[in-house]
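Participant: Coordinates only, no sequence provided:
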């Protein structure tokens, strides 16, 4: 599993802090997409500090992470997937060797990436 660079971690931390500062009552908010984005970023940072798996990869989580700017290597690491199992997961969803923008555009029905 590849380690995330310190700069990438700082970038994600800054994004999370910005969201929290702009939305101090995010937990009480009815804005579901915002809640999920903050929770995913927080889970990612928690995963990185503990090197602990944060759950199973789903189509919705994958699309949300892509939309937040994560790449496949980072996503594979977050979910502690081997190269082979992640490759199979991508093939099952017809994402293997495909462009991120193309994947997100084709999956607009997952607009909120639940």
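Facilitator: Sure, I can see it. This one's a predicted model, so the numbers in the text were calculated from it and none came from an experiment. Numbering: from 1, shown residues only.

Participant: Can you find the helix or strand in the protein with the smallest mean pLDDT?
Facilitator: None of the helices or strands of the chain scores lower by mean pLDDT, DSSP states H and E than helix 32-50, at a mean of 74.

Participant: For it, name the packing helices and strands.
Facilitator: Secondary-structure packing of helix 32-50 (3 or more Cβ pairs under 8 Å, 6 or more residues apart in numbering; DSSP states H and E): helix 6-22, helix 59-67, helix 72-78. No exception for glycine: its C-beta is placed from N, CA and C like everyone else's.

Participant: any idea what sits nearest the residue nearest to the spatial centre of the chain, other than its immediate chain neighbours?
Facilitator: Centroid-nearest residue in the chain: residue 65, 2.5 Å away (criterion: Cα atoms, centre = their mean). In space, and not counting its chain neighbours, residue 65 is closest to residue 75: 5.3 Å by Cβ to Cβ, 6 or more residues apart in numbering.

Participant: State the number of residues packed around the one you found.
Facilitator: By other Cβ atoms under 10 Å, 19 other residues sit near residue 75.

Participant: thought it was touching residue 57?
Facilitator: Yes - Residue 75 is in contact with residue 57 according to Cβ atoms under 8 Å; the separation is 7.2 Å.

Participant: just to revisit the earlier point, centre of the chain to the least confident helix or strand of the chain, how far?
Facilitator: 8 Å (Cα atoms, centre = their mean, to the nearest Å).

Participant: One more: stretch 60-77?
Facilitator: The chain centroid and the centroid of stretch 60-77 are separated by 4 Å, computed with Cα atoms, centre = their mean.

Participant: quick thing: my sequence starts at 35, can you match it?
Facilitator: I'll keep to 35 as the first residue from here, and by that count the last item is stretch 94-111.

Participant: So what's the model's average confidence on it?
Facilitator: Across stretch 94-111, the average pLDDT comes to 87.

Participant: What residues of that stretch count as buried?
Facilitator: If you call a residue buried by 16 or more other Cβ atoms under 10 Å, then stretch 94-111 has these buried ones: 95-101, 104, 106, 108-111.
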